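Chemist: Next one to model:
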Amino acid sequence: MLGGFFFWFLLLALAIAVGFLASNYNRSGFLWFLLACVISPVIAGIFLLIMGENNEAEILDDLDKVKKAQQDFIQLYCVNEKAVKKNPILENAFKELSDTEVSSTSKITVEDIDKNINMLLMEVARAEAPKAEYVETHNEKASDHFAQLETLKKLLDINAITSEDFEAKKTEILNRL
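Modeler: Numbers count the residues shown, from 1 in each chain. Below you'll find the predicted structure:
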């Protein structure tokens, strides 16, 4: 009698272990526990090890990131359409990304979209950058100085200029105030 109790306790413990292993493999631990109770913890454990880890959650997470990057690019493009309309690469990227439905079979990656976002930001910064002749020939107001500082900060944020260039230009602009 004691041996039978120990045998059932061992089977239950193994079924629980299969359930925990299944949850670590991104699978339903409870369903695998039930399967282990019905067929055998050893057989269920072998099936689980053969099937391996479920990467579906990882794929869905990557898809969400690509969709978010796609939305960010489209939104940035639409907000700054006048500044970037002359760039055919960005226009093609916009057409491609706005027409494409992202799925698990898509070849679009977050890195590809990020490259387009960085190019778009460079074009926007270029369009907003103060012209050298304007700075030299016109008397500037304080609001112009702040606009120049904002533009410099944008250029720094997208790594179009170094922090040393930023500091030098910032000091020059602040000295003119």
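Chemist: Every contact and neighbour count from this point should use C-alpha atoms.
Modeler: Fine.
Chemist: Downstream of the lowest-mean-pLDDT helix or strand in the chain, the next helix or strand is which one?
Modeler: The weakest-scoring helix or strand in the chain, judged by mean pLDDT, DSSP states H and E, is helix 132-137 (a mean of 47). Heading C-terminal from helix 132-137, the first helix or strand you meet, by DSSP states H and E, is helix 142-157.
Chemist: Name the residues of that next one that are buried.
Modeler: Residues 145, 148-156 are the ones in helix 142-157 that count as buried (16 or more other Cα atoms under 10 Å).
Chemist: Return the member of those residues nearest to Lys82.
Modeler: Using Cα to Cα, Thr151 is the member of those that lies nearest Lys82, at 16.9 Å.
Chemist: from memory the closest one sits against Val124, does it?
Modeler: No: the criterion here is Cα atoms under 8 Å, and Thr151 misses it with Val124 at 9.6 Å.
Chemist: for the buried residues of helix 142-157, which one is nearest Asn175?
Modeler: Taking these together and measuring to Asn175 by Cα to Cα, the closest member is His145, at 10.1 Å.
Chemist: Run through the residues that contact the closest residue to Gly29 other than its chain neighbours.
Modeler: Distances taken as Cα to Cα, 6 or more residues apart in numbering place Gly19 nearest to Gly29, at 4.1 Å, with adjacent residues excluded. Contacts for Gly19 (Cα atoms under 8 Å, 6 or more residues apart in numbering) come out as 28-33.
Chemist: Name the member of those with the most neighbours.
Modeler: The residue in the contacts of Gly19 with the most neighbours, by other Cα atoms under 10 Å, is Phe33 (26 neighbours).
Chemist: didn't it look like it was pressed against Leu21?
Modeler: No: counting by Cα under 8 Å, Phe33 stays clear of Leu21, with 9.6 Å between them.
Chemist: With that, I have no additional questions.
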